[in-house]
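> Build me a model:
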Amino acid sequence: MTEFSVRGSNVVVVGAARSGVAAARLLADRGARVTLTEMRRDVDEEVEQLREVGVALELGGHQPKTLEGADLVVLSPGVPPVQTALERARRARVPVISEIELASRWVRGRVVAVTGTKGKSTTTVLLGRMLEAGGCLVLVGGNVGTALSTQVAQSTPEAIHVVEVSSFQLELTTTFRPWIAVFLNLYADHLDRHDGVEAYAAAKAKLFANQGSSDTLVINADDPDVLRLTRDSQAHRVSYALTAPLSEGVVVSNDTIVRRGSEGDTPLVPVSAVHLLGQHLLGDVLAAAAVADLVGVSAGDMTRAVDRFTGLEHALEPVGDVARVRFVNDSKATNVEAARRAVESCGDHLVVIMGGRFKGGALETLAPLLASRADAVVAIGEARGRIRDAVGPVVRVVESESLTDAVRVAYGLASPGGTVLLAPACASLDMFRDYAERGQVFKRAVARLGEEVGEKREQ
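Predicted coordinates:
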């Protein structure tokens, strides 16, 4: 088989975010003539430094002539694939692929790819730590951490690339074929980008589209949509479940995560080693354990990795207590289902901070849960009105102009012993650079509130 080559080719990378910059560097290193095109005129130093390796920068818009004249177009995942300049390039028969597709053509190690609406980052990072504990050469990245393109130079036949992949990254793949694919769950999300739930699901299904019988697909047997989408897969299937009865697969039995088979249960990880908030996160541990078991990591090494893992920043992250009010940061809860799971994980007497840029989904389905668990909702961002209309009939909704102000308002509404939960159910891009910046602002606001409350007590 001839190795994919871009030497001497005219390649255009669209979008100067993390993945686009990584793709541009990789392409330049592989001998392509690279142009990076970006809508913004003001870019950071990392982008400007690309000029030093011969990358031409075209700032202030994506020019149709530039894309039409390319031999290949590589799209950063944050750039919607449906826009005039890209459509004209396709009509000119220019291949348009994603950064993850590009990088996967050159990695020499085996790829474990993780997708799903919720839990991708937790599963990916934990799995990486399990494999490291087992002595594997592991490179973790994709949609979390570093782009896959940055790992190509380090890739060896012995390496295992554990890659989080989003629908944005998958929708423009053509040859991407993971050795092990993990499909966690499927709920309505990103409907502001995908043309309906089925289009979103079709993008996710590209995870395993090229897998054959020598590959493995790890699936969540508790999720009917995952079961439906994967039923015709050619890959070897391994199931895991928290509630579905399985005669074979990874399940919880007698407070232990076990591999169940025809010869009985093989213990993998005691549940007591899991230090994560929320039942759904236990499901992510099952998924990671299923893969680690396939790779050959021992139960002891898995358990040590799980015991040392306290979760990811901005994912049901305990922030602290202020005068008997607990604060929890789940800024990664950017869709309705993620917000639902956050609320379910944090008990009663909640004040939930919600809002941002709405991505689609049925906010009103949160109303019964909030009515039973929440004392109030503080709404922020572009979606304030939607949130008020969706849940206002059953729970008090107070609007706030900023997240910092929302923290103060929520604290004032909270009961002693209660919890203020940031679970936006929306993207952050109306007010912040990304969910991480939103989470940092929340944590700083809580810290400042704690200082002020402490100062008042001392007076």
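
> Now stretch 339-352: buried residues?
339-343, 345-346, 349-352 (16 or more other CB atoms under 10 Å). (Each C-beta comes from the backbone N, C-alpha and C, glycine too.)

> Would you mind putting the residues you listed into CSV with pLDDT, secondary structure and distance to residue 223 alongside?
Shown next, in CSV, are these (pLDDT from 0 to 100; DSSP: H, G, I helix; E, B strand; the rest coil; distance: CB to CB, whole Å):
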residue, pLDDT, secondary structure, distance to residue 223
339, 95, helix, 18
340, 93, helix, 14
341, 90, helix, 13
342, 94, helix, 18
343, 96, helix, 19
345, 92, helix, 18
346, 94, coil, 22
349, 96, coil, 30
350, 98, strand, 26
351, 98, strand, 30
352, 98, strand, 25
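
> quick check, nearest of the residues you listed to residue 311?
Of all the buried residues of stretch 339-352, residue 345 has the smallest distance to residue 311: 11.4 Å, by CB to CB.

> Quick one, grab the pLDDT at the closest residue to the closest one other than its chain neighbours.
Closest residue to residue 345 apart from its sequence neighbours, by CB to CB, 6 or more residues apart in numbering: residue 278 at 3.4 Å. pLDDT recorded at residue 278 is 77.

> Would you agree residue 278 is in contact with residue 343?
No: contact criterion CB atoms under 8 Å: residue 278 and residue 343 do not qualify, at 10.1 Å.

> Show me the helices in the stretch 201-350 of the chain, by range?
224-230, 279-295, 299-307, 336-345 (DSSP state H, counting those that start in this stretch).

> Which one of those helices lies nearest to residue 104?
Here helix 279-295 is closest among those (CB to CB), at 17.9 Å.

> before we move on, back to that, how close does the residue nearest to residue 345 sit to residue 130?
19 Å (CB to CB, to the nearest Å).

> Neighbour count: those two, which is higher?
residue 130 (29 against 19; other CB atoms under 10 Å).

> Tell me who's in contact with the more buried one.
Contact analysis of residue 130 by CB atoms under 8 Å, 6 or more residues apart in numbering lists 288-289, 291-292, 297, 301-302, 305-306.

> Let me have the residues you listed in a markdown table, adding pLDDT and distance to residue 49 as columns.
As requested, these are exported to a markdown table (pLDDT from 0 to 100; distance: CB to CB, whole Å):
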| residue | pLDDT | distance to residue 49 |
| --- | --- | --- |
| 288 | 98 | 36 |
| 289 | 98 | 41 |
| 291 | 98 | 36 |
| 292 | 98 | 38 |
| 297 | 98 | 39 |
| 301 | 98 | 39 |
| 302 | 98 | 40 |
| 305 | 98 | 36 |
| 306 | 98 | 39 |
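
> Looking at these, state which has the most neighbours.
For the contacts of residue 130, neighbours tallied by other CB under 10 Å; top is residue 288, 34 neighbours.

> Name the nearest residue to that residue, ignoring sequence neighbours.
In space, residue 288 is closest to residue 127, 4.1 Å off (CB to CB, 6+ apart).

> Counting neighbours, what do you get for the one you found?
31.

> how far out from the middle of the chain is the helix or strand harbouring it?
According to DSSP states H and E, residue 127 maps onto helix 120-133. Centroid displacement of helix 120-133 relative to its chain, using CA atoms, centre = their mean, to the nearest Å, is 13 Å.

> Kindly export that helix (C-alpha atoms) in CSV.
Taking C-alpha atoms only, helix 120-133 is exported to CSV below (Å, rounded to 0.1, in the frame of the first residue of the first chain):
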residue,chain,number,x,y,z
LYS,A,120,-15.6,11.4,26.3
SER,A,121,-12.9,13.4,28.1
THR,A,122,-13.2,11.5,31.4
THR,A,123,-13.1,8.1,29.7
THR,A,124,-10.2,9.1,27.4
VAL,A,125,-8.0,10.5,30.2
LEU,A,126,-8.8,7.7,32.6
LEU,A,127,-8.1,5.0,30.0
GLY,A,128,-4.8,6.7,29.2
ARG,A,129,-3.8,6.5,32.9
MET,A,130,-4.9,2.8,33.1
LEU,A,131,-2.7,2.0,30.1
GLU,A,132,0.2,3.9,31.4
ALA,A,133,-0.1,2.1,34.7
